[in-house]
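**Student:** Show me the folded form of this:
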Amino acid sequence: MNVPSIEQAVGYVFRNRDILAQALTHRSFGASHNERLEFLGDSVLNCVIAQALYERFAEVREGDLSRLRANLVRQETLAEIAQRFGLGEQLRLGEGELKSGGFRRPSILADALEALFGAVFIDGGFERTRQTILQLYEPFLTNLDPLHTGKDAKTALQEFLQGRRLALPQYQLRATRGEAHAQEFEVECLIPELGIATTGRGPSRRAAEQEAARHAIEQTGAK
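**Tutor:** Now for the predicted structure:
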């Protein structure tokens, strides 16, 4: 665990580095793991993002603010942020998780980042945690379009089809490639009534489905 690297990435120097170590410890490693910190960090994250959206978008309705927040705090966004500063390489994982590539798994990365937020909150308080979260989320908040309410591609495609009384898309797993620790999934999205068949690839089946849905959206014009 490279403590200075982590502290530099989050913009915070821990007074109690034991809490940092706990935040980076998966339950497969030992009894003192990060699940309680994850619970705390998730709550603080939702509060900070909600406040940021409330202050930035005064004219956006409550329902749309909720969808924007959900998009920002979902697993995929958290995992992407964690990957950007190499959080996975700093995690303490059990032997089984190490062998299976757990340090790349989106769910483990997302949980660890939330636990890290929880650790900053315990060690430094709400304001320091808010600064850390906003620093890491800055690229996402800067580029956020309030007119696009954060619906993911699968949801947007589903709503487009439902609005036209068409059957929902079918997602079929076509291939799984690579070793267990670095697999790539290939999924096909089928909309027979529109003659659409698109393909998506990603490190998880869910990610591949989202990519396939995005390609389908491009063909339908769904927003």
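**Student:** Make sure residue 204 is actually in contact with residue 185.
**Tutor:** Yes - contact status for residue 204 versus residue 185: in contact at 6.3 Å, counting by C-beta atoms under 8 Å. Yep, even glycine has a C-beta here, placed from its N, CA and C like the rest.
**Student:** In contact with residue 113, which residues?
**Tutor:** Taking C-beta atoms under 8 Å, 6 or more residues apart in numbering, we find residue 113 in contact with 41, 78, 79, 81, 82, 87.
**Student:** Spatially nearest residue to the fifth one, not counting backbone neighbours?
**Tutor:** Counting by C-beta to C-beta, 6 or more residues apart in numbering, the nearest residue to residue 82 once its immediate chain neighbours are dropped is residue 109, at 4.0 Å.
**Student:** per-residue confidence for the most far-flung residue of the chain relative to its centre?
**Tutor:** Most distant from the centre of the chain: residue 193, at 32.4 Å, with distances by C-alpha atoms, centre = their mean. According to the model's per-residue confidence, residue 193 sits at a pLDDT of 91.
**Student:** that older thread, could you tell me how far the host helix or strand of the residue nearest to residue 82 lies from the centre of the chain?
**Tutor:** Here residue 109 is covered by helix 106-124, with elements defined by DSSP states H and E. Averaging C-alpha positions (C-alpha atoms, centre = their mean, to the nearest Å) puts helix 106-124 13 Å from its chain's average.
**Student:** just stretch 72-83 next, same as before
**Tutor:** Using C-alpha atoms, centre = their mean, the distance from the centre of stretch 72-83 to the centre of the chain it belongs to is 2 Å.
**Student:** Now stretch 121-131: average pLDDT?
**Tutor:** Confidence over stretch 121-131 (mean pLDDT, whole number) is 97.
**Student:** which residues in the protein form strands?
**Tutor:** Read by DSSP state E, the chain holds these strands, from start to end of the chain: 170-177, 184-191, 196-202.
**Student:** Just give the number of residues close to residue 125.
**Tutor:** Other residues lying near residue 125 total 10 when counted by other C-beta atoms under 10 Å.
**Student:** ugh, wrong one, residue 122
**Tutor:** 18.
**Student:** next one: the one 4 residues further on
**Tutor:** Residues within reach of residue 126, counting by other C-beta under 10 Å, total 12.
**Student:** How about the one 10 residues further on?
**Tutor:** The local packing of residue 136 (other C-beta under 10 Å) involves 20 other residues.
**Student:** Good, wrapping up.
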